[in-house]
Structures are given as structure tokens and as C-alpha cells.
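Visitor: based on what follows, work out the 3D shape:
(chains A, B, C and D)
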There are 2 protein chains.
Amino acid sequence: MTNGKMNSRQKILAAAAELAGEVGPGHLSLDAVAQRAGVSKGGLLYNFPSKAKLLEALVEQHLSEFNAALEAKEKQWEGRPNSLGAAYLELFVTDLEQRQPPPSGLLAAMAEDPGFLTPIKRFNRTLLDRLKASSRNEANALILFLALEGMRSLRLFDIDVLSPVEQDAVIASLGATLEKGD
Amino acid sequence: MTNGKMNSRQKILAAAAELAGEVGPGHLSLDAVAQRAGVSKGGLLYNFPSKAKLLEALVEQHLSEFNAALEAKEKQWEGRPNSLGAAYLELFVTDLEQRQPPPSGLLAAMAEDPGFLTPIKRFNRTLLDRLKASSRNEANALILFLALEGMRSLRLFDIDVLSPVEQDAVIASLGATLEKGD
DNA sequence: TTTACTGTACCGTCTGGACGGTATTGTCAA
DNA sequence: TTGACAATACCGTCCAGACGGTACAGTAAA
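Guide: Take a look at the predicted model:
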């Protein structure tokens, strides 16, 4: 489990995500990733046989990290009504507090081929279904989902226009709707 | 205004947006754009001296088209409270009905350099300010903005997960909030 | 004569990826 | 215990092609 391979893969993935943010999503090159990861190009291609596989892994990693964080938050709200909605909302709050850098790896994958985002589509669909199932008011579940998706995309593009005060207002308002039992 | 230059420019812009959707945002090449537009490469570079200028124009075009459409809708709702919010919402409805293709040009610009999106940031900020000003409930204005932004980004990435029924529910719910005078 | 191109040739650079090595560790029969 | 070989995890180099951009001569309309 804790073999050398894991380590190299992780370093490469991290380097790729980091570089994507620096050079622009469409300018991620294998050479640069290898260099940043402290690995030769041959080594990179050993771990990821093609650029496509690397980008695919970048999307997968983002998804699994997001999912893990969401499940962790959900446990904290266990039992309460609409724990998923609360967890999803809470995840955003902590993300904002911790000033997480935007997941530029996603943009790099999309620049290469939007098809790389289909796993995200699937994930979002099941997330939305679960959100609807655990809420009494369907429209509110949809709007919660969309509003957070909106914030997410604004941050992803680095064109976030909401002030911290406004962000708090949005979160408070969505949270209030949640607590009314919807 | 309707001189020959405009025509070539328009053809090039249209070809670029079209191609970006076909080959992927990060694979837009000047050669291919020129060919698609029925223009020589020299001609393309005569109209847009560099790739950066072309992408810049792509973003500008999108913005001005969006703005024009929004102003047109706003006139229809003139006088009524929160006419801007209603217009913005309505714009989405007609966009959905007409099954407008996603503006892939934006993605191509972003793939090259996210900085190309700063005009959109400015636009969004003023839009949000106006939305807040014309609404009595600030939080509702923010959520309207974000929810529509969410739908927009999902469509942009072509990972829209909402069924038509769900879309209608969202629009109806946002519209109802609007009519309550918020 | 100017404007708005066309057409072609070309240059320098970057990129994905193939390929042939190599060091280390593991396996296993004699 | 040892010698033969195999698998793992890389390294370093090379290359064909694509790309942005330049240069320049020609042309047809206004």
C-alpha cells in the first residue's frame, strides 16, 4: 500500500493541479508537470501512460476528495433532517474559510476535452437526487444545489464577485430555509 | 457599419465559437478558424492581429449579445417592481426554449488564459449591484443571481443535470419569490 | 491610391509520446 | 546459498508534427 508508486502518482497529480493554475488550463504540458513533480518524463509516463489518463485521474481525484469531505460533514449532522443539504452547505463554508485554491485541474481537463467532466455530471446527478430525497420542498433543494453550484463556478473561473458579507448573507439565507425543515 | 470588414470579422468570430465547441476549448487553432470561416490565414490575422485579440473579441461579443438581450427583456417588464430580476429570469427561459448552443468561445478564451474573463467579472458585478438595488430582499437577489449562474455554468460545461421538469420548478420558484415583491 | 483582403512559403518553438536504457528488489529452481 | 531471471519504477533522449506568427507578392473593388 505504501509503496513508492503511490508517492510518485500523488506528487504528479499535485504538481499537475498546481501548474494548471499557474500556466493556464490549456497550457499544461507533461514536461512541466514532470519537472514540478521532481520526476522524469519517462517516470511520469510510467505512472500515467498518456496525458488523457493524467487528466482523467485529476478529475477522479477531485471528485473523491470532494465526496470524502462531504461524507465527513454529513456524519456531523447525522440524524437531523436534511443532513445532506446542511453538510453540503457547511462544506462550502469551511472551504471558503480555509481559502482553498480553486481546483484548476478540472479546468485543464476541460480544456483538453469537455468529455472529461462526465464523471462530474454523474456525481452531480446523484447528489441532486439525494438532496431532493432528503428535502420536503423539492424546489428549495434545487435552488440550494444551483446556488452552491453558482458559487462554485464563480470561484472556479476566479471571477467571484460576491463580497464576504454577501457570501455570509447567502449562506445564512440558505441555512435558514434548511432549518425551516424544507 | 455594415461594411465588408464587419462581415469578415463576424464570420471569423462565428467560426471560432463553432470550432471551439467541436475540437475542444484548448485546441482552437488559427489555421482551422480561418479555414472554417472561408478566409485565408492572412485575412484572419488582418482582422485579428493575434490569437489573444480574437479570444478577447469572442468574450466581448458574448457579453454584448447577452447585454442586448437583457436590455430588450427589461423593456418588456418596464415599470414593474424588480424588472431586472424578472428580465434576467425570463432571458433564461427563452434561452432554454430556443436551445441555444453553449457559448464555447468563452471556454476557449478561458483555456488560453483565465484573465480573458475579467470583463465578465466586471459585468457580473454591476449586474449583481443592479439586481440588489431593484430588490427589497438582498438575500433573495443574491440567490437568484447565484442560481441562474449555476444553471449557466452547468450548461457551459455541458454537464446540465436538471430535467426539464426540474428546470421549470426552479424557474417557477424563483419567479414566485420575485412576484412577492422581493 | 487605399482598403481589404488572398495565397503561399516559411521560421522557431513547443509538445506528446515512443524508446532504449538502468538500478533495485523479488522469486525460485538447483 | 547461489545464480538466473523477472518485475517494478523509473531516467534521458529523440522526433515528427502542430502551432502562432511573419513576410511578401498579388488582386479586385471603391
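Visitor: A:Arg155 sits in which helix or strand?
Guide: Element membership of A:Arg155, judged by DSSP states H and E, is helix A:138-156.
Visitor: buried sites along the helix or strand harbouring A:Val93?
Guide: For A:Val93, the host element (DSSP H and E) is helix A:83-97. Burial within helix A:83-97, assessed by neighbour count using 16 or more other CB atoms under 10 Å in any protein chain shown, is assigned to A:83-92, A:96. The way it works is simple: take the backbone N, C-alpha and C, and place the C-beta from them, glycine included.
Visitor: before we move on, back to that, using PDB, write out every CA atom in the helix holding A:Arg155.
Guide: Extracted C-alpha coordinates of helix A:138-156, given in PDB (Å, rounded to 0.1, in the frame of the first residue of the first chain):
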ATOM      1  CA  GLU A 138     -38.200  20.000  -4.000                       C
ATOM      2  CA  ALA A 139     -37.800  23.500  -5.400                       C
ATOM      3  CA  ASN A 140     -35.800  24.500  -2.400                       C
ATOM      4  CA  ALA A 141     -33.500  21.600  -2.800                       C
ATOM      5  CA  LEU A 142     -32.900  22.500  -6.500                       C
ATOM      6  CA  ILE A 143     -32.200  26.100  -5.600                       C
ATOM      7  CA  LEU A 144     -29.800  25.200  -2.900                       C
ATOM      8  CA  PHE A 145     -28.000  23.000  -5.300                       C
ATOM      9  CA  LEU A 146     -27.900  25.600  -8.100                       C
ATOM     10  CA  ALA A 147     -26.900  28.500  -5.800                       C
ATOM     11  CA  LEU A 148     -23.900  26.500  -4.500                       C
ATOM     12  CA  GLU A 149     -23.100  25.400  -8.000                       C
ATOM     13  CA  GLY A 150     -23.100  29.000  -9.000                       C
ATOM     14  CA  MET A 151     -20.700  30.000  -6.200                       C
ATOM     15  CA  ARG A 152     -18.500  27.000  -7.100                       C
ATOM     16  CA  SER A 153     -18.300  28.000 -10.800                       C
ATOM     17  CA  LEU A 154     -17.500  31.600 -10.000                       C
ATOM     18  CA  ARG A 155     -14.700  30.500  -7.800                       C
ATOM     19  CA  LEU A 156     -13.500  28.000 -10.400                       C
END
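Visitor: for that helix, name the packing helices and strands.
Guide: helix A:83-97, helix A:118-133, helix A:164-179, helix B:138-156, helix B:164-179 (3 or more CB pairs under 8 Å, 6 or more residues apart in numbering or on different chains; DSSP states H and E).
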